[in-house]
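Participant: predicted model, plus sequence, below.
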Amino acid sequence: MRVLPWIYLTAAFVFIYLPVGALVLFSFQGGGLPVPPFDGPSLRWYADILGDEDLVAALLHSLAVAGGSSAVACTLGFLAAYGLARHVMPGSALVRGLLIAPLTVSYLIVGLGLLMVLQRLGLPLSLMTAGIGHVVINLPLCFAIIYASMGAQQQNAERAARDLGAREWQVVTLVTVPMLMPALLAAFFLSVTLSWDEFIISFLLTRFDVTLPVEIWSLLRSGLSPRLNAIGSLVFLVSIVAVFLAELLIFRKRP
Amino acid sequence: MIARDTLKGWGFVAPALLWTLAFFVVPFVVMGAMSLATLEGRTLVWGFSLANYAELAQKAYLWRAVLVSLEITLTVTVLSILLAYPLAWIIAFRVPPRWQRLALLLAILPFWTSYVVRSYAWLLVLSREGVVNKALMTLGLIAEPITLANTRIATVTGFVHFFVMLLTLTIFANLIQLSPNYRRAAMDLGANAFQTFRHVILPLTLPGIVTGAFLTFVLCIGDYITPQILGGNNELTVPQVIMVQLGRRADFPLASALAIVLMGLVTLAYLGCARWLRLDRI
């Protein structure tokens, strides 16, 4: 009975790490197929993808969309959280509900709705339209994280600043934002991770310039390849770094 | 004075609210209207027609997709809970406290792989020459490689992998909040380990389980990538059929109707577990 939990734990970890392990291991494959036996290690596939212009362009597009949409989502989320937490507003429960609502709808439906509106209006698809979609899905999350971290402690500091003659914009920029910085950055990095990984909205709302997941998707049609392993491993690495930054910031706040 | 304060509040909320209205609510209304429109030849005719919904009930490949989606989603939800609960339990109560955070972090780390990459990685593992087949043949359990990729088994495996990590997190959060006094009290009153679990721990962690299950349901039933990459084209789920309507035929009215049906299924799931849901505590 004593060993049973440890056997289960080991089995669970094998299951959880099997795909990631195979992905990373065979990205160092020497030959042309990412299946056993392993004949590496070799860095040729990493050299291969870093020399591929389309892939590097897609990577830069992804970073731009993730950074841009997350900055907008964080700013809008912060302003809304500040307004709702610091001002007396009738119907604030309804507003909060509306801001959170996109969380309950699948990405496919968000993308489909936006696509139809853009087509009706005759607007062209671009990285910008994909970014607009990413703000829609990340705004609820940013708002929720920032709203939850607005406590009485900051409110006292804000009151003190106001009593000392600070104007509203000074209170916000000099007191509230610095005090909320950990929550703001956590929301930002979480949002970056989600946007960086997002496929379906980018797929529906971009045309000529595409993001990395969409590029990977089109490469997938030609089947298994160590190139895809190398790209996938790099994508994973970026996500992990962003998550670690978010984690670090969230947990530094409450030691 | 209060009125001015309120006005200022609206000023701060306005940008986010307008964004949500313009890029979420309006598209949603358009989608609803689109599901009631029809295509005549290639031209779109707005109106109030239930033809798309009728087509959905009549054409086998459409309602079959709804059934396939429901079957896969329910299988995934149940399997994920059954696998994640013991894992969360072990991390919460068996792993020494100083290793707990690390164990949890490691258990959910691959959660952050992009879903396109994660599905590809499973394709790699499950392919005919892949790790699983090689391992089974080396162990002598099978003589020939078995077909795992491009089947429902592969889709379910890919999904379960993802949701076990998500559910481990939500159930762990629930278990760790329980005061050890509940267990001690139950034991003192003569309950054995199973009775303690069945009558004390399980009811107390039910909100966490149901919240996780609801999230699983919502994310699983709306996902296009996992069944598309891992499931092959033997059977299609609702999101796959939606994408077929968009791509091949540009049939936006029918795609919209399917999306509304998808929303309907999520709403039903929500009503089914609303009693235990704690969405504000995610």
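Facilitator: Right, received. Where do you want to start?
Participant: count the residues that sit near the residue nearest to A:Arg120 when sequence neighbours are not counted.
Facilitator: Leaving out its chain neighbours, the residue that sits closest to A:Arg120 by CB to CB, 6 or more residues apart in numbering or on different chains is B:Val30, at 7.0 Å. Yep, even glycine has a C-beta here, placed from its N, CA and C like the rest. The burial count assigned to B:Val30 is 19, neighbours taken as other CB atoms under 10 Å in any protein chain shown.
Participant: low pLDDT regions in the chain?
Facilitator: Using chain A here. A:1, A:250-255 (pLDDT under 70).
Participant: could you do chain B instead?
Facilitator: Within chain B, the set of residues satisfying pLDDT under 70 comprises B:1-2, B:277-282.
Participant: where is the longest helix in it?
Facilitator: Ordering each helix of chain B by length in residues (DSSP state H) puts helix B:60-93 first.
Participant: buried residues, that helix. List them.
Facilitator: Across helix B:60-93, burial judged by 16 or more other CB atoms under 10 Å in any protein chain shown covers B:62, B:65-66, B:68-70, B:72-73, B:75-77, B:79-81, B:83-92.
Participant: so which of those reach chain A?
Facilitator: Within the set of these, contact with chain A (CB under 8 Å from any CB of the partner chain) is found for B:Leu83, B:Pro86, B:Leu87, B:Ile90, B:Ile91.
Participant: redo those as a markdown table? Include distance to B:Phe24.
Facilitator: Formatted as a markdown table, these follow (distance: CB to CB, whole Å):
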| residue | distance to B:Phe24 |
| --- | --- |
| B:Leu83 | 34 |
| B:Pro86 | 39 |
| B:Leu87 | 35 |
| B:Ile90 | 40 |
| B:Ile91 | 37 |
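Participant: and the residue nearest to A:Arg120, that one's in a strand?
Facilitator: No - counting by DSSP: H, G, I helix; E, B strand; the rest coil, B:Val30 is not part of a strand but helix.
Participant: how near is B:Tyr77 to A:Ala85?
Facilitator: If you look again at residue B:77, you'll see it is Thr, not Tyr. 35 Å (CB to CB, to the nearest Å).
Participant: residues near B:Pro227, how many?
Facilitator: 27.
Participant: I'd assumed B:Leu44 was in a strand, is it?
Facilitator: Yes - under three-state DSSP, B:Leu44 sits within a strand.
Participant: now the closest residue to chain A within the stretch 151-282 of chain B. Nearest residue, chain neighbours left out?
Facilitator: Closest residue of the stretch 151-282 of chain B to chain A, CB to the nearest CB: B:Gly222 (2.6 Å). Spatial nearest neighbour of B:Gly222, excluding adjacent residues (CB to CB, 6+ apart): A:Ser106 at 2.6 Å.
Participant: dihedrals phi and psi, that neighbour?
Facilitator: phi -70, psi 150 (degrees, to the nearest 10).
Participant: can you tell me the element A:Asn138 falls in?
Facilitator: helix A:127-148 (DSSP states H and E).
Participant: check A:Ala157 too.
Facilitator: Assigned by DSSP H and E, A:Ala157 belongs to helix A:152-163.
Participant: hmm, who's touching that helix?
Facilitator: A:Arg86, A:Gln170, A:Val171, A:Leu174, A:Val175, A:Thr176, A:Met179, A:Leu180 (CB atoms under 8 Å, 6 or more residues apart in numbering or on different chains).
Participant: stretch B:228-239 too?
Facilitator: A:106, A:108, A:220, B:61, B:64-66, B:68-69, B:72, B:116, B:119-120, B:122-123, B:126, B:149-152, B:154-155, B:157-158, B:221-224, B:227, B:240, B:243-244, B:258, B:261-262.
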